[in-house]
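Chemist: Quick check, what structure comes out for this input:
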Amino acid sequence: MQSQELSAVLGKPDSTDAAMGKALLYWVSQSQPLHYLVVYTEADFGSDEPVPTVKQLQVTSPQFQTTGKISTGAPLPKIREAYSNLKPIAYYQNDARQRVYVFDEQQQGITFEVTLPDSICTAITIHEKGKMIKGTYLPVHPDMTVIK
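Modeler: Numbers count the residues shown, from 1 in each chain. Sure, this is the predicted structure:
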């Protein structure tokens, strides 16, 4: 989807961060607790029309569910039942100083951020199926450590 279409559906983002043909678009909920939708777009400057297209999106609201009925708030064992090929690819520390692991299911194009020590999902990211996410993961967590 092109980013213009996205804005037509969701309205103007609450915040944006863009440079060099890449952009992060943020929509933040008006209710408590705050939840967000982040969309990462890239423009292909090698094409005739370098229009920004959606490459990844991330949600923190439990209102969004996968086809397997997984949403944020789900425990890691339940996620593993629905996505048996999950692999930990990175981790970072959140604002509450908890370690958060990023688990990727590359073939299905989905990652789950799981907070320790309770192993609860706090964010879900959709990405291109079959693609390695490590190099293009949403730059929402620039201090993330990649697991080799």
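
Chemist: Is Q56 in contact with I124, as I believe?
Modeler: No - counting by C-beta atoms under 8 Å, Q56 stays clear of I124, with 11.0 Å between them. All C-beta spots, glycine's among them, are computed from the backbone N, C-alpha and C.

Chemist: Pull the residues that contact stretch 85-98.
Modeler: 79-80, 99-108, 111-112, 115-117, 122, 133-134, 137, 141, 143-147 (C-beta atoms under 8 Å, 6 or more residues apart in numbering).

Chemist: what about that stretch, how long is it end to end?
Modeler: Counting by C-alpha to C-alpha, to the nearest Å, you get 25 Å between the two ends of stretch 85-98.

Chemist: Distance of the closest residue in space to Y36 that isn't next to it in sequence relative to K22?
Modeler: Spatial nearest neighbour of Y36, chain neighbours left out: V28 (5.0 Å); criterion: C-beta to C-beta, 6 or more residues apart in numbering. Plainly put, V28 is 20 Å away from K22 if you go by C-beta to C-beta, to the nearest Å.
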